[in-house]
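> Using only what follows, build the 3D model:
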Amino acid sequence: MDEQYRILVVDDQPSFHFLVKEYLSSAGYTVVGVATAQAALEELSQGHCHLVVSDLVMPETSGLELMRQAQQRWPDLPFILVTGHGSIENAVAAMKEGAKDYLLKPLNRDELLLVIARTLEHAQLREDYDRMREVQRQRFSFQNIRSVCPVMEKVLDAAAKVATHPRTTVAIYGESGVGKEVMARAIHLASGHELSTFVPVNCAAIPETLLESELFGHVKGAFTGADIEREGKCARARNGTLFLDEIGDMPLLLQAKLLRLLEERVYEKVGGDTVLKADFRVIIATHRDLEQCCKAGTFRLDLMHRLNTFPLTIPPLRNRPEDIPLLAEEFLAVFQEHQGKRFPGFSNRALVQLCSHDWPGNVRELRNRIEHATIVTNGELIQPAHLNLSGGAVATTATGKRIRFNLDFDSEEFSLEAVNQQLITWAMEKSGQNKSAAARLLKASRKIFY
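The predicted model follows:
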């Protein structure tokens, strides 16, 4: 057993201390014993204990009262209460108040060790879960969505304001990869909801025949294969957020039912007739132009107007180049932590390439390119070749048989060798890393690539 676990034993009988200490010490635990509740509180104040084993009945202050006082200051501290025959009802009542388990005297060594191991494991899992939840909260908080672009800052300000209205429908528009779901999660968390009540549904990824059941659930026998009654995403989103991604791909028949849900705040399971309350916020996202979809007859006009209660449009990354270095540095820090490697940063040429790239995949593409660079680099400054961007560090436009290059250097880096290196990188990427094909593209000898 790991010796990091420190257990406090509270009982007014010295023989009990001796017995429990012998049991636990032999199993590798560190044990501290005290005789009163007051001494226990003083011990807890002085050092960290992972678990308390306390007698339920003591002369001055009971084990139950000790647990109440301790958990006011240390709410996650687990208690195991020990009781003699005739006090089982009190022990069960104590568990309802927060005790993790109870044991009967005289103690059985194997049972004691099993209960303690199980309680400590549960406490560790809870601690890990809380830590993970806090990491996720930080990741998706508005404070972690940074921007120096005035347009993006206005979007973030508006999103923070609507977060304080937890029943208002929000529509998030933007190209693929701009971070629509990240924005939706930030609104959800800023509304005071738990992470677990953010329920995403990709309307484009679920077959039309299953989407209604996925959203609303179904009753037993509603259709072939419905052997049991099933809750849908709406039930899981209770007191939280239902996030409908790619809403522009939702079938027309289901759009009518979504409109009812938004208008009347109710829905029914497939095959059922019980009206259920929709007590959650709806946030939708799409890369499509819903007005054009309405004109094409693939989206309901009345639903579009209902969804646009509070529209937010996230600009594409190419329209906010001032954010690119900031985002690149943030992603670099993330991968540095994940990979346990040290990265000194980006070379000027790499930053020029990042800022001049068109980013059709937006922030998602930028993150992927930074991840690629951190994998292939050996701890040096990240160079254009590490990023593996299409077109290298050379921005090109082609018209007919003409190719126009846009080369951008700091004066200190500019040289014939640097220009050649960019052209070679561009040719290699254009030819799929085939040296012979790249040489033909440049009308040059293959030897230059060595």
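> Pull out the buried positions in whichever helix or strand A256 is part of.
Counting by DSSP states H and E, the element that carries A256 is helix 252-264. The neighbour-count criterion (16 or more other Cβ atoms under 10 Å) identifies 255, 257-259, 261-262 as the buried residues of helix 252-264. C-beta: built from backbone N, CA, C; applies to glycine.
> closest to A117 among the residues you listed?
Distance to A117, by Cβ to Cβ, is smallest for L261 among the buried residues of helix 252-264, at 47.4 Å.
> any idea of the pLDDT on R404?
pLDDT, R404: 62.
> Ignore what I typed, I meant L441.
Reported pLDDT for L441: 81.
> what comes into contact with stretch 272-279?
Stretch 272-279 is contacted from outside by 218-219, 222, 234-235, 238-239, 261, 265-269, using Cβ atoms under 8 Å, 6 or more residues apart in numbering.
> Could I get the contacting residues of A123?
By Cβ under 8 Å, 6+ apart, the contact list for A123 reads 50-51, 76, 78.
> ok, 10 Å please
5, 50-51, 76-78, 100 (Cβ atoms under 10 Å, 6 or more residues apart in numbering).
> just C234 next, same as before
Contacts of C234 by Cβ under 10 Å, 6+ apart are 199, 201, 214-217, 242, 261, 267, 269, 276-280, 282.
> Buried members of these into ChimeraX, please.
ChimeraX command restricting the contacts of C234 to the buried ones, with burial defined by 16+ other Cβ under 10 Å:
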select :199,201,214,215,216,217,242,261,267,269,276,278,280,282
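> Pick out whichever of the contacts of C234 sits closest to L125.
The closest of the contacts of C234 to L125 turns out to be V199 (Cβ to Cβ; 23.3 Å).
> SS state for that closest one?
Put simply, V199 is strand when judged by DSSP: H, G, I helix; E, B strand; the rest coil.
> In contact with it, which residues?
Contact analysis of V199 by Cβ under 10 Å, 6+ apart lists 188, 215, 232-238, 240-244, 280.
> which stretches of the stretch 301-450 of the chain have low pLDDT?
Across the stretch 301-450 of the chain, the ranges flagged by pLDDT under 70 are 390-413, 429, 432-433, 448-450.
> Helices of that one, start to end?
301-307, 324-339, 348-356, 362-376, 384-387, 416-430, 435-442 (DSSP state H, counting those that start in this stretch).
> R230 is in contact with G221, correct?
No. Between G221 and R230 there is no contact under Cβ atoms under 10 Å: 11.6 Å.
> more neighbours, those two?
R230 (17 against 11; other Cβ atoms under 10 Å).
> Name whatever forms a beta bridge with the more buried one.
Applying DSSP bridges to R230 gives these bridge partners: H218.
> now the helices for the stretch 1-150 of the chain?
14-26, 37-46, 63-73, 88-96, 109-139, 150-162.
> which one of those is the most hemmed in?
Mean neighbour count (mean count of other Cβ atoms under 10 Å) peaks for helix 63-73 among the helices of the stretch 1-150 of the chain, with a mean of 18.
> Against which helices or strands is that one packed?
strand 6-10, helix 37-46, strand 51-55, strand 79-83, helix 88-96 (3 or more Cβ pairs under 10 Å, 6 or more residues apart in numbering; DSSP states H and E).
> Tell me which of those lies nearest to E121.
Closest of the helices and strands packed on helix 63-73 to E121 is strand 51-55, at 11.1 Å (criterion: Cβ to Cβ).
> For the closest residue to V32 other than its chain neighbours, list the residues it contacts.
Nearest residue to V32, sequence neighbours excluded (Cβ to Cβ, 6 or more residues apart in numbering): L8, at 5.2 Å. Contact analysis of L8 by Cβ under 10 Å, 6+ apart lists 30-34, 39-40, 43-44, 47, 49-54, 70, 77, 79.
> Also F18?
Per Cβ under 10 Å, 6+ apart, neighbours of F18: G33.
> so how far is S25 from it?
According to Cβ to Cβ, to the nearest Å, F18 stands 11 Å off from S25.
> same question, L301
Relative to S25, and taking Cβ to Cβ, L301 is found at 75 Å.
> Quick one: residues in contact with stretch 35-46.
8-14, 16-17, 32-34, 49, 52, 54-55, 58-67, 69-70, 73-74, 77.
> rewinding a little: so what sits opposite the residue nearest to V32 in the bridge?
Counting by DSSP bridges, the residues bridging with L8 are V32, V52.
> And the pLDDT for R137?
R137 carries a pLDDT value of 67.
> coming back round to it: per-residue confidence at the residue nearest to V32?
93.
> Next: A91.
67.
> thinking again about what came up before, including distance to V334, could the helices of the stretch 1-150 of the chain go into CSV?
Formatted as CSV, those follow (distance: least, Cβ to Cβ, whole Å):
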stretch, distance to V334
helix 14-26, 42
helix 37-46, 37
helix 63-73, 35
helix 88-96, 42
helix 109-139, 9
helix 150-162, 19
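> Select, out of the ones you listed, the one closest to H193.
helix 109-139 (10.8 Å).
> name the element the nearest residue to C293 once chain neighbours are set aside belongs to?
Spatial nearest neighbour of C293, chain neighbours left out: F299 (3.7 Å); criterion: Cβ to Cβ, 6+ apart. Secondary structure assignment for F299, by DSSP H and E: no helix or strand.
> number of nearby residues for F299?
By other Cβ under 10 Å, the burial measure for F299, its neighbour count, is 23.
> Would you map out the domains in this protein?
According to automatic domain parsing, the chain comprises the domains 6-135, 142-315, 319-449.
> that older thread, do you know how far the residue nearest to V32 is from L77?
Taking Cβ to Cβ as the criterion, L8 is separated from L77 by 9 Å.
> which residues do these two both contact?
Taking Cβ under 10 Å, 6+ apart as the criterion, L8 and L77 both touch 44, 49-52, 70.
> which among these gets closest to R109?
Distances from R109 to the shared contacts of L8 and L77, taken by Cβ to Cβ, are shortest for L51, at 16.6 Å.
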